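Asks: The following comprises the amino acid sequence and a computationally predicted model.
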Amino acid sequence: MKVQRYIYLLLIIAGLILLVQLPTTTACTVITATSNDVVLFGYNEDRSLDQFDQLSTIKFIPATNDTLGYMAIIATEPGIFSLRVGMNERGVVISGNGLEPTIVTPHPERPFSWRYHSFYNLVLNYCSNISQVKALAQNFDFGSPMGFQAHIADSSGAAIVVSPGADGEIAITEKTSSFLISTNENREAISEGAYDARQKMATGVIEKSSVIDHQKVITVLDAIHQEGPDAVTYYSTIFDLTHKLVYLYLVHDFTKEVVLNISEEMTLGEHSYNLSDLFVNGQQTLDRAEQALIRFQLITTIIRILAVALVLLVTGNLGMYLFKNLRNDQRTERITKRVIFLKFIQNLLLIGFILVNASLLPVFLLTNFVNGMMVSGTVVMEFVILVGMWLTVLFYVISKGILLLRRQQRTTSIHDQPLA
């Protein structure tokens, strides 16, 4: 019975770990890369289920006497207008990553403030190079707390990430090699040695090749795209800052590509496109992605509910077992009946857990092993937990079978003994 108690403890620990795991942050990934006099800027827009209702619109705004012309991809829904990524006619491109809100020092004396201005729009309207972006950032009050970082590049290949610094001021991380990558971890912390799985993965993909070209950026974006359970890569873009081109991809399908010439589009005046309308069956593709994410979250929810039930029942079962062995009185019979009932319910839940795992684990492996790598540190943790739960359940079933076999053998040996 010691083996059975150890299995109970393993099930309790595995279930608790599954319940307290950290959720995946559904922010985006940005990369600036230069090679052979070409500057490329890649971006994955990752969305959670509650963001699928946002309409993605590509807008082209011509220049005026005071502002530069630019194109931008904007997420809109009632009451929300959010510029996600954009490039102006001078080849300055900007996007960003969501961060955990960080307290920064307010600077109400500065001429520009997040309360009244959009940093993204100011960059696109007035900045022709990274030097001007730096000057703008140092004269901008980003407010407090600051829950994002901005990744900006220009056509010369220079790039920076503007993020909240550890000292409460704005930190600027500059591109010092052929590429600069930002994810949903503060870029300043990463530059100081903090671990970030997507950052490490993207860097590993780039460093495998001496040439960083359009296809290599696609490989990076494909390697780190998300397919659940918390988010999916809604669309991806690659900006060619040298030739003023933008390549569009829907729901991490990099075999279907739409290319827009920004210079030519600017000659058409102010206009816009719905992103999904540029792709054949684009809306149907988004609908399928949304339904897949719903199914993935449903399965994950069932797993967690079963884990709760298993933890409670196994804990209760173990408690009843210990109490029964400690108390040998007239209540033992009633306790034994309760233990039998709990074991029956526990075994039913165990069967359900196995069936749900049987459907979840193959889907998990297919959707998260990309180019031989996992999507993120959280996904690695979830994978380890799932495999651990599988091994624990398998160990439980095998040990149960061994115990039943031994019990049967003992019963058979007793019946085979000759009568005195």
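Replies: Done, it's in.
Asks: Would you agree residue 115 is in contact with residue 143?
Replies: Yes. Assessed by C-beta atoms under 8 Å, residue 115 is found in contact with residue 143 at 6.6 Å. Backbone N, C-alpha and C define where each C-beta goes, glycine included.
Asks: Flag every buried residue along stretch 244-263.
Replies: For stretch 244-263, burial by neighbour count (16 or more other C-beta atoms under 10 Å) applies to 244-254, 258, 260, 262.
Asks: average model confidence for that stretch?
Replies: For stretch 244-263, mean pLDDT is 93.
Asks: Just the CA trace of that stretch, in CSV.
Replies: The C-alpha coordinates for stretch 244-263 follow below in CSV (Å, rounded to 0.1, in the frame of the first residue of the first chain):
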residue,chain,number,x,y,z
LYS,A,244,9.0,50.5,-49.0
LEU,A,245,7.1,47.2,-49.3
VAL,A,246,5.0,45.4,-46.8
TYR,A,247,4.3,41.6,-46.9
LEU,A,248,1.2,40.4,-45.1
TYR,A,249,0.3,36.9,-43.8
LEU,A,250,-2.9,35.8,-42.1
VAL,A,251,-3.0,33.4,-39.1
HIS,A,252,0.6,32.3,-39.4
ASP,A,253,0.1,30.8,-42.9
PHE,A,254,3.3,31.9,-44.6
THR,A,255,2.5,30.1,-47.8
LYS,A,256,-0.1,32.8,-48.7
GLU,A,257,1.3,36.3,-49.1
VAL,A,258,0.0,39.7,-50.0
VAL,A,259,2.4,42.4,-51.0
LEU,A,260,1.7,46.2,-50.9
ASN,A,261,3.9,48.9,-52.3
ILE,A,262,3.6,51.7,-49.9
SER,A,263,4.9,54.4,-52.2
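Asks: Double-check residue 58 against residue 273; I have them as touching.
Replies: Yes. Residue 58 is within contact range of residue 273, at 4.7 Å (criterion: C-beta under 8 Å).
Asks: List the contacts of residue 111.
Replies: By C-beta atoms under 8 Å, 6 or more residues apart in numbering, residue 111 lies in contact with residue 139.
Asks: What of residue 115?
Replies: 141, 143.
Asks: can you check the one 5 residues further on too?
Replies: Residue 120 makes contact with 72, 83, 86, 94, 96, 150, according to C-beta under 8 Å, 6+ apart.
Asks: mind checking the SS state of the first one?
Replies: So the one you mean is residue 72. Recorded secondary structure, residue 72: strand (DSSP: H, G, I helix; E, B strand; the rest coil).
Asks: what helix or strand is the closest residue to it other than its chain neighbours on?
Replies: Residue nearest to residue 72 in three dimensions, not counting chain neighbours: residue 86, with 3.2 Å by C-beta to C-beta, 6 or more residues apart in numbering. For residue 86, the element it lies in under DSSP states H and E is strand 80-88.
Asks: Pull the residues that contact that strand.
Replies: Contacts for strand 80-88 (C-beta under 8 Å, 6+ apart): 28, 41, 43, 45, 54, 56, 68-76, 93-95, 118, 120-121, 123-125, 127, 237, 239, 241, 244, 246, 262.
Asks: Please repeat the previous calculation with a cut-off of 7 Å.
Replies: Residues outside strand 80-88 that contact it (C-beta atoms under 7 Å, 6 or more residues apart in numbering) are 43, 45, 54, 68-75, 93-95, 118, 120-121, 124, 237, 239, 246, 262.
Asks: Using PyMOL, define a selection of the buried residues within these.
Replies: Only the buried entries of the contacts of strand 80-88 go into this PyMOL selection, using 16+ other C-beta under 10 Å:
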select buried, resi 43+45+54+68+69+70+71+72+73+74+75+93+94+95+120+121+124+237+239+246+262
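Asks: The contacts of strand 80-88 in strands, which ones?
Replies: 43, 45, 70-75, 93-95, 237, 239, 246 (DSSP state E).
Asks: okay, the residues you listed in CSV with distance to residue 292 next?
Replies: Listed next are these as CSV, based on distance: C-beta to C-beta, whole Å:
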residue, distance to residue 292
43, 22
45, 17
70, 34
71, 30
72, 28
73, 23
74, 25
75, 20
93, 30
94, 31
95, 25
237, 22
239, 28
246, 27
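Asks: now, which of these sits nearest residue 296?
Replies: residue 45 (18.4 Å; C-beta to C-beta).
Asks: List the contacts of the closest one.
Replies: 28, 84, 233-235.
Asks: Double-check that residue 301 belongs to a helix.
Replies: Yes. Looking at residue 301 with three-state DSSP, it is inside a helix.
Asks: Show the pLDDT at the residue nearest to residue 234 when sequence neighbours are not counted.
Replies: In space, and not counting its chain neighbours, residue 234 is closest to residue 47: 4.4 Å by C-beta to C-beta, 6+ apart. On pLDDT, residue 47 comes in at 82.
Asks: Now for residue 47, how many residues are close by?
Replies: Using other C-beta atoms under 10 Å, residue 47 has 23 neighbouring residues.
Asks: you'd agree it is up against residue 233?
Replies: No. Residue 47 is not in contact with residue 233 according to C-beta atoms under 7 Å; the separation is 8.0 Å.
Asks: just the strands in the stretch 1-150 of the chain please.
Replies: Counting by DSSP state E, counting those that start in this stretch, the stretch 1-150 of the chain has strands at residues 29-35, 38-47, 55-61, 70-77, 80-88, 93-102, 112-113, 140-141, 146-153.
Asks: Residue 273 - that's part of a strand, no?
Replies: Yes. Applying three-state DSSP, one finds residue 273 inside a strand.
Asks: Residue ranges in the stretch 251-400 of the chain under the pLDDT threshold?
Replies: Scanning the stretch 251-400 of the chain for pLDDT under 70 picks out the ranges 299-300, 302-400.
Asks: what do you get if the cut-off is 50, keeping everything else the same?
Replies: For the stretch 251-400 of the chain, residues meeting the criterion pLDDT under 50 lie at 369-378, 381.
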